[in-house]
Structure formats: structure tokens, C-alpha cells
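Student: Got a sequence here, can you model it:
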Amino acid sequence: MKKDSATGWMLLGIGGAHMDRIGHIYGSYHAGASNPGRLTTTVGGGTLNALRTACLAGTGPVALISARGGDHDGAIVADTVEAAGLGDLSAVFLDRRTASYTAILDASGEQIAGLADMEIYETALPRQLRRKALREAIASANAILVDANLPVAGLEAAAGHATGPIFAIAISPTKVLRLTAIAARIDTIFMNRREMKALTSEDSDAPGLAGLAALGFNRAVVTGGAGPVLVQDAGTRHEVSPPALDAVVDVTGAGDALAGATIHSLLRDPGLALCDAVRFGIAAAQMTLRTEGPVAETLSGPEPEAIRAACTIREMQPSKEGAT
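Tutor: Below is the predicted model:
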């Protein structure tokens, strides 16, 4: 995808783009034992998944800055980025191994465990951001998306070069702590309740959102499985409840899809309330949950619109916040 040289990229993502290996267990899971199942391999990563969803929804032009190795996995990642219609500003390090994430899912699609092998993001990716061409690309982009696969030095470099709004994906309870270094520069942060608890020691409703605000995250979207999505938009807090979902094929990438589609809505209509943008994010997440792999097959047609319309928004009352 080519950019408009006068305006830069509409959305430029900096972060994860790697191999996802997902083990699906048949029947009941037995800890400490061999479990029958099947292994599928796809290309994922928080930033890449969200960018692909935003592009699928109609955002463009969109580009990615990441780092990968000069191995077979790296070639597969490169092909996927190209096929998605994204500009690829990533670096290839011939002596490094491409990052990977391995997850084990039970028969219902819920995750039992995950293993992240992502050393290349810790060392090689921050070095890449020193390049003049990438500094200029970040500065000219309409909006930036980062994820917490970047170490603090990389996050600070991205925030220092960016001139537009910055969106952020938490990635994990361990890595989300890195984002506090640039909290004041983040327009909207996307996380789940486990990640919110890692930041605030609260895992539910208004107390957790108040804790995020105290850390400098003024706008936040917090998911909780099939439950309501918590939305903090400056001084207002809402719960956005999704419609019931009959079946889950694969939970991988659902949170990233919510982030990508929500960002798409905000870029298309900057005056849109965050809780309204999240409704389309929920539609994208549910379409992804119905698909094997981290990205929905489509976000057009009546089905995503029906999901969006079925979401309900409830303002969280001050009485629920206690002393906050």
C-alpha cells in the first residue's frame, strides 16, 4: 500500500508481528499429561493483528514497523504483511530468530497457557527506531499504534517522534507496566481486566478505571471475556455490553481486533464518543471469535452491523465508585 507523500500514513503501527502457534486440545484438559489435539500456525502479533483489522475495516494507508529474523518464519510474516495491504517498514536481522507466540487452548477456545519467545523486540526493534527514515515516518503519520512488546526505550522513542495521537495495546499483565512511561502521550489504551489489575491492583469496574486515570491513562478500553467492556473517556465511564455469542472458534486476536476496529472508527470520525467507537470494536472482536486465526474474514455486510447495533451502553454511576 502506497502512502500519500503529503500526509504520511493514516495509521502507523510499531510492535509485534510474529508467528502464532495455537494448540487446540480435544476434550478435557489434563494438567501435567499429554493431551490429544492439533496445532495450527498463523501470523499474528498485537500490532499486526490490529492493523490488519483496521485495514479490513477501511483505514488506509496503513504501515507496520517491526523486526524479524532472516528465517523461514520471517519470510512468512513478510508475505502476510504484504497480502494484508500494509506498508512494511520493518527490519530483517539475518542472525536473529523471528519472534513467536505459542498458546494452548481448551476445547471451549479459552487459553490455558502461552509462551512468548520475543527477544528480537527487546533488542533489535528499539535500535531500528533511530533510523532517520523511520523517525520521519512516525512524525508524519496521522496516528501511531504501539504495543507493549516494545521495551520502554522503544516506547519513549516512538512517543518522542510522534506528532499525532498514540494508541496502545497492553499485550500482557507483565508487559503492560512498560506503558506507564508514556501514559501522558497515549490517547487510548486497550487492555483486559488482568492487565488492568496488574497496573492498579483492581480488576473490575470503576475502581480499576479510576486507578488507570491516576496513572495518566485518561482514555481506556478494558475487556473482560464475554462480559461488558469498560470504557473510560476522560471524565465519563461506561459499560458496553456485547450481544450473546453462540459459539467461539478461537479467542486468539479478539482483543486486537477490538482495538483495530475501534481505532478505525475514531480515525474516521474524530468526534465520535469512545464508547460508540467500541461498539464497532466489539463487532470486529465477535467476527474474529467466529474465525480460526487472529483476524476476521470480513467486517462488511449486515452481520457486523447487527452486532454493533445490538451492543448496549450503560453509564457507570458515581455511587459505584465509592470514594473515587
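Student: where are the low-confidence patches of the chain?
Tutor: Low-confidence segments of the chain, defined by pLDDT under 70: 1-7, 318-324.
Student: give me the element Tyr314 is part of.
Tutor: Careful, residue 314 is Arg; it's not Tyr. strand 312-315 (DSSP states H and E).
Student: Nearest residue to Met316 in space, please, no chain neighbours.
Tutor: Arg237 (4.2 Å; CB to CB, 6 or more residues apart in numbering). Bear in mind the C-beta positions are built from the backbone N, C-alpha and C, glycine included.
Student: Sorry, wrong one. I was asking about His161.
Tutor: In space, His161 is closest to Ile138, 4.1 Å off (CB to CB, 6+ apart).
Student: now the helices: where do they sit in the stretch 201-324 of the chain?
Tutor: 205-214, 254-268, 274-289, 302-310 (DSSP state H, counting those that start in this stretch).
Student: would you turn the ones you listed into JSON lines with distance to Val248 and mean neighbour count?
Tutor: Formatted as JSON lines, those follow (distance: least, CB to CB, whole Å; neighbours: other CB atoms under 10 Å):
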{"stretch": "helix 205-214", "distance to Val248": "24", "mean neighbour count": "19"}
{"stretch": "helix 254-268", "distance to Val248": "9", "mean neighbour count": "27"}
{"stretch": "helix 274-289", "distance to Val248": "5", "mean neighbour count": "26"}
{"stretch": "helix 302-310", "distance to Val248": "14", "mean neighbour count": "15"}
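Student: quick one, which of those helices is nearest to Leu134?
Tutor: Evaluated over the helices of the stretch 201-324 of the chain, closeness to Leu134 peaks at helix 254-268, with 20.4 Å, by CB to CB.
Student: Extract the C-alpha trace of that closest one and format it as CSV.
Tutor: Presented in CSV, the C-alpha positions along helix 254-268 are these (Å, rounded to 0.1, in the frame of the first residue of the first chain):
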residue,chain,number,x,y,z
ALA,A,254,-10.1,-10.9,19.5
GLY,A,255,-8.8,-8.1,21.8
ASP,A,256,-6.5,-6.9,19.0
ALA,A,257,-9.5,-6.8,16.6
LEU,A,258,-11.5,-4.7,19.1
ALA,A,259,-8.6,-2.3,19.2
GLY,A,260,-8.1,-2.1,15.5
ALA,A,261,-11.8,-1.6,14.7
THR,A,262,-12.2,1.0,17.5
ILE,A,263,-9.2,2.9,16.2
HIS,A,264,-10.6,2.8,12.7
SER,A,265,-13.9,4.3,14.0
LEU,A,266,-12.1,7.1,15.9
LEU,A,267,-9.9,8.0,12.9
ARG,A,268,-12.9,8.1,10.5
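Student: Can you name every helix or strand that that helix contacts?
Tutor: Secondary-structure packing of helix 254-268 (3 or more CB pairs under 8 Å, 6 or more residues apart in numbering; DSSP states H and E): helix 46-57, strand 166-169, strand 186-192, strand 219-223, helix 274-289.
Student: Now that we have those, can you turn them into CSV and tack on distance to Ala261?
Tutor: CSV is the format used below for these (distance: least, CB to CB, whole Å):
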stretch, distance to Ala261
helix 46-57, 5
strand 166-169, 12
strand 186-192, 11
strand 219-223, 11
helix 274-289, 3
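Student: before we move on, back to that, name the next helix or strand following the host helix or strand of the residue nearest to His161 along the chain.
Tutor: Take DSSP H and E as the rule and Ile138 turns out to sit in helix 132-140. Helices and strands here follow DSSP H and E; after helix 132-140, the next one along the chain is strand 144-147.
Student: gap between Thr42 and Tyr26?
Tutor: 19 Å (CB to CB, to the nearest Å).
Student: Tell me which of those two has more neighbours.
Tutor: Each of Thr42 and Tyr26 has its neighbours counted (other CB atoms under 10 Å); Thr42 has more, 18 against 11.
Student: quick one on the thing from earlier: now do the buried residues in the helix holding Ile138.
Tutor: Residues of helix 132-140 classed as buried by neighbour count (16 or more other CB atoms under 10 Å): 134-135, 137-138, 140.
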